[in-house]
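Undergrad: Starting from these lines, generate the structure:
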Amino acid sequence: MGKVTIADVAARTGFSKTTISRFLNGKYEFMSEETRKRISEVIKDIEYKPNRMARSLRLQQSHMIGVIVSDISNPFSAILYTGISEYCEQHGFTVLLADAGDDPDKEKRYIQSMIAQGVDGLVINATGANVSYLNEVNRTMVPIVLADRPVEGCECDIVSVDTKQVTKDSLDLLLSKGYERILFATRQIGTNGIRRERFDEFSTQYEALTNRQAMTLEYTKADKESLKTAILSALSAARDAGEKLALFAGNGVVLSDMAYLLRRNKLRSPDDVGLFSYDNWPWMDSIGPGISVIELPSHQIGSECARLLLLRVSASLKASEDLVTSEASGSTSMAKQHIILSGKIVERDSL
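TA: Below you'll find the model as predicted:
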């Protein structure tokens with residue numbers, strides 16, 4: 001088959017070129033799931049690459065990268081963005097930033113908007129709810145790299161942290177400090193891949209190491225009372241059993257909730273309860289005795305996402321140029337990449 005066009009996709013599917021164009025621009029509002037599936041299958045089958053081919057024909061790139069974070073109020077997002085933007089600026093790329101607010105619909109709208117603005121690729125701290133859409137965009141429009149949050153079934157590249165190893169290191173530390181009881185708490189998991197991963201790793205490893213059932217809590221932003229109840233109940237049971245209790249926060253936001261509740265209930269760490277958390281934000285070294293934490297390579301996650309994405313952009317442009325000039329007969333695509341970085345324990349006096 002010669003150069004594949006939008007007309008070829010239309011002819012193969014039986015839909016109009018307007019419908020195909022709407023699909024390629026992510027405008028699915030009035031399109032059935034069956035229609036989307038059929039177009040996606042044909043595009044994959046005949047290897048139609050619209051945006052990437054068009055860029056090679058124009059012999060230009062926008063040199064713009066889109067970044068969509070899940071929650072701009074979370075310090076992780078700011079550090080992540082800094083890592084991405086610094087790397088991109090060093091390599092001549094401008095970065096557009098959007099905050100999805102953990103809303104899958106907003107995430108999708110921002111992806112559509114950024115594609116319309118001509119970005120060469122996207123880095124997304126994903127909500128986890130738009131799996132098929134992310135795959136379609138990554139396959140047919142622009143490359144996507146996921147930052148930190150795994151998305152089950154997603155074909156996009158990802159840069160993440162070795163949760164299994166940092167969980168092992170954390171439990172080794174807590175158990176060595178004599179904390180027989182550990183309460184792991186996280187905000188509502190939903191489709192959030194990293195919350196699920198941390199929750200499951202803690203439960204699995206704690207039960208294997210102690211032969212006890214893991215104490216865990218999943219609570220919503222509006223229901224901090226359940227966190228208070230769980231902490232006080234676990235502390236009472238630990239005292240009755242003559243054991244020490246540690247609270248393990250699933251991220252810095254949860255740690256903030258815990259610290260507030262401990263102060264309100266006149267409890268101190270480590271005298272009354274041990275305190276440990278994911279994330280190492282500046283205030284964690286100055287509150288109380290200082291909080292022991294898992295320090296995540298947030299800035300490095302950002303720079304690695306940017307590096308991997310620019311490699312993808314360069315590879316897809318080269319592949320499109322080869323198709324146009326017939327200089328290559330094979331594919332230059334790389335397999336899905338998963339870069340796993342290491343976290344480290346920062347021990348302070350909260351344990």
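Undergrad: does the residue nearest to residue 98 when sequence neighbours are not counted sit in a helix, a strand or a coil?
TA: Of all residues not flanking residue 98 in the chain, residue 110 sits nearest, at 4.1 Å (Cβ to Cβ, 6 or more residues apart in numbering). No exception for glycine: its C-beta is placed from N, CA and C like everyone else's. With DSSP: H, G, I helix; E, B strand; the rest coil as the basis, residue 110 sits in helix.
Undergrad: how about residue 110, what does it touch?
TA: Going by Cβ atoms under 8 Å, 6 or more residues apart in numbering, residue 110 touches 66, 68, 98, 100.
Undergrad: hey, where'd the helices end up in this structure?
TA: For the chain, the helices defined by DSSP state H occupy 6-13, 17-24, 33-46, 50-58, 75-90, 104-116, 131-140, 163-176, 193-210, 224-241, 252-264, 298-325.
Undergrad: wait, which of the ones you listed is closest to residue 291?
TA: helix 252-264 (6.6 Å; Cβ to Cβ).
Undergrad: Could you pull out the buried residues of the closest one?
TA: Judged by neighbour count (16 or more other Cβ atoms under 10 Å), helix 252-264 contains these buried residues: 252, 253, 254, 255, 256, 257, 258, 259, 261, 262.
Undergrad: Got the phi and psi for residue 129?
TA: Main-chain dihedrals, residue 129, degrees, to the nearest 10: phi -100, psi 0.
Undergrad: and the gap between it and residue 35?
TA: 21 Å (Cβ to Cβ, to the nearest Å).
Undergrad: same check, this time on residue 107
TA: With Cβ to Cβ as the criterion, residue 107 and residue 35 are 22 Å apart.
Undergrad: okay, these two: which has more neighbours?
TA: Between residue 107 and residue 35, counted using other Cβ atoms under 10 Å, the more crowded position is residue 107 (26 against 16).
Undergrad: Now the more buried one: closest residue in space that isn't a chain neighbour?
TA: Nearest one to residue 107, counting by Cβ to Cβ, 6+ apart, is residue 100 at 4.0 Å.
Undergrad: show me what contacts that neighbour?
TA: 68, 69, 70, 106, 107, 110, 127.
Undergrad: Which residue is the nearest non-sequential neighbour of the second one?
TA: The spatial neighbour of residue 69 that comes closest, neighbours along the chain excluded (Cβ to Cβ, 6+ apart), is residue 77 at 4.0 Å.
Undergrad: ok, the residue nearest to residue 98 to residue 66 distance?
TA: If you measure residue 110 against residue 66 using Cβ to Cβ, the figure is 8 Å.
Undergrad: what is in contact with the two at once?
TA: Joint contacts of residue 110 and residue 66 (Cβ under 8 Å, 6+ apart) are residue 98.
Undergrad: If you count neighbours, what's buried in stretch 195-211?
TA: In stretch 195-211, counting by 16+ other Cβ under 10 Å, buried: 195, 196, 197, 198, 199, 201, 202, 203, 205, 206.
Undergrad: Distance from the chain centre to it, please.
TA: 20 Å (Cα atoms, centre = their mean, to the nearest Å).
Undergrad: ok, now stretch 176-184?
TA: That offset, for stretch 176-184, works out to 28 Å (Cα atoms, centre = their mean).
Undergrad: So what touches that stretch?
TA: 171, 174, 199, 202-203, 206, 210, 214-217, 230-231, 234, 237-238, 241, 243-248, 250, 274, 351.
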